[in-house]
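[1] coordinates for the following, if possible.
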Amino acid sequence: MSTSSQDNPKTVVQQIIQSIVDRLQSTATVKTVFGEPIETKGKVIVPVAKVAYGFGSGSGGGKRAGTEDERAGAGAGGGVMVRPAGVLEITQEETRFIPMGGRGKLLGALLLGLCIGMFMAGACCKRARRSKSE
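    Predicted coordinates:
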């Protein structure tokens, strides 16, 4: 059984990855990361974002058990994530970066504290019940 280079799983994966890279590169522009500047009250505000890319691929092949049939498969995927990071504030006097509020971290810390507090309260209640029953 002969296979052309088009049917080769490695070639197929390479073609898929190149297609994904080409598409994602077109999204990695200055406007994607920084956004359009906004002019207001003697200031220029430039939105800033964090951009992350991820890729994965795989291929495999072999003979089907008990037969001479050769099977092959390949696949690939990729993605991009864009999150706001903050803004650049540009004035006559200075340029400064103002990060987005850390609400997510604050909320996570509050939830963790709440869980620990509930755990400790439950442990204290169990200990109090044990000492009353003895």
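[2] centroid residue for this protein?
    residue 81 (5.1 Å; C-alpha atoms, centre = their mean).
[3] can you give the domain ranges for the chain?
    Following automatic domain parsing, one gets these domains for the chain: 1-100, 101-134.
[4] which of these has the lowest average pLDDT?
    Lowest mean pLDDT of the domains of the chain: domain 101-134, a mean of 70.
[5] the helices in the protein, which residues?
    Secondary structure of the chain (DSSP state H): helices located at 9-27, 30-34, 103-133.
[6] what does the first one rub up against?
    Contacts of helix 9-27 from elsewhere in the structure, counted by C-beta atoms under 8 Å, 6 or more residues apart in numbering, are 5-6, 53, 55, 57-61, 72-78, 80. Bear in mind the C-beta positions are built from the backbone N, C-alpha and C, glycine included.
[7] residues in contact with residue 36?
    Contacts of residue 36 by C-beta under 8 Å, 6+ apart are residue 47.
[8] look up how far residue 42 lies from it.
    18 Å (C-beta to C-beta, to the nearest Å).
[9] just residue 73 next, same as before
    Going from residue 73 to residue 42 by C-beta to C-beta gives 60 Å.
[10] with residue 22 instead?
    42 Å.
[11] and residue 24, by the same measure?
    Taken as C-beta to C-beta, the span from residue 24 to residue 42 is 37 Å.
[12] more crowded one of these two?
    residue 24 (16 against 9; other C-beta atoms under 10 Å).
[13] got the phi and psi for residue 94?
    The phi/psi pair for residue 94 (degrees, to the nearest 10) reads phi -160, psi 170.
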